[in-house]
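In: Fold the following, please.
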Amino acid sequence: MARQCEIAVEVNGEQRPARVPARTSLADFLRDDLGLTGTHLGCEHGVCGACTVLLNGQPVRSCIMLAAQADGQAVTTIEGMSGPDGELTEVQDAFCRTHALQCGFCTPGMVLAVQALVDRNDQPSREEIDDAIGGNICRCTGYVQIREAVEQVVAGQAGKAALTADGAAR
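Out: The predicted model follows:
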């Protein structure tokens, strides 16, 4: 019989205690145990980025991480990105506006990677953008629209920063 682990992972803001086989990947736990199928499995070797989720705000490959390693940690999946009424985040909205998605397979991992980038760097360079999305393979877009989406989000953040506390433009 496979060794079992008791884990308690905060997933999308909700504590999710579970008992899982020790060798269960985080991706399989999210998809099979929690029904969060927005985490896609592509290569299952940590190369394609389709399974990217945020672990304590940092992008990780959930296919090569064990669920037990996430014990006591906070995981955000694509299902946890939108607001309580389903409103899109700035990143998700920019992906829609720029057509930065086609088949949609890479989109959840790509959106999470971009979100982590803009959360830690409000003015990333082209090189930093390319580095952030470079670990996620997209076979459809050629990355042009994805870069445009990031640039729109960054421009929007810069516009917000230019407002004074009373809301007047500088």
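In: contacting residues for Glu10?
Out: Glu10 sits next to Arg16, Gln73, Ala74, Val75 when contact means CB atoms under 8 Å, 6 or more residues apart in numbering. C-beta: built from backbone N, CA, C; applies to glycine.
In: which phi and psi does it have?
Out: Phi and psi for Glu10, reported as degrees, to the nearest 10, are phi -80, psi 110.
In: Any idea what it is bridged to?
Out: Gln15, Ala74 (DSSP bridges).
In: closest to Gln102 among the contacts of Glu10?
Out: Checking those against Gln102 with CB to CB, the nearest one is Val75 at 26.7 Å.
In: Could you measure from that closest one over to Ala67?
Out: Using CB to CB, to the nearest Å, Val75 is found at 10 Å from Ala67.
In: residues shared between the contacts of those two?
Out: Common neighbours of Val75 and Ala67 (CB under 8 Å, 6+ apart) are Val9, Leu26.
In: Which pLDDT value goes with the nearest residue to Thr107 once chain neighbours are set aside?
Out: Closest residue in space to Thr107, ignoring its immediate chain neighbours: Leu101 at 4.4 Å, by CB to CB, 6 or more residues apart in numbering. pLDDT, Leu101: 90.
In: ok, now Gln157?
Out: For Gln157, the predicted pLDDT is 78.
In: so what's the residue positioned nearest the centre of the chain up against?
Out: What sits nearest the mean C-alpha location of the chain, by CA atoms, centre = their mean, is Leu112, with 1.8 Å. Counting by CB under 8 Å, 6+ apart, Leu112 touches Thr52, Val53, Leu54, Pro59, Thr76, Thr77, Ile78, Met81.
In: If we go by neighbour counts, what in stretch 9-19 is buried?
Out: Within stretch 9-19, the residues that count as buried by 16 or more other CB atoms under 10 Å are Val9, Glu10, Val11, Asn12, Arg16, Ala18.
In: Report the contact partners of Asn12.
Out: Asn12 neighbours (CB under 8 Å, 6+ apart): Leu36, Val75, Thr76, Thr77, Glu79, Gly80.
In: Export these to TSV and append columns for secondary structure.
Out: Output for the contacts of Asn12, formatted as TSV (DSSP: H, G, I helix; E, B strand; the rest coil):
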residue	secondary structure
Leu36	coil
Val75	strand
Thr76	strand
Thr77	coil
Glu79	helix
Gly80	helix
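In: Serialize these to JSON lines and add fields for distance to Cys43.
Out: Below are these laid out as JSON lines (distance: CB to CB, whole Å):
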{"residue": "Leu36", "distance to Cys43": "19"}
{"residue": "Val75", "distance to Cys43": "20"}
{"residue": "Thr76", "distance to Cys43": "22"}
{"residue": "Thr77", "distance to Cys43": "18"}
{"residue": "Glu79", "distance to Cys43": "22"}
{"residue": "Gly80", "distance to Cys43": "23"}
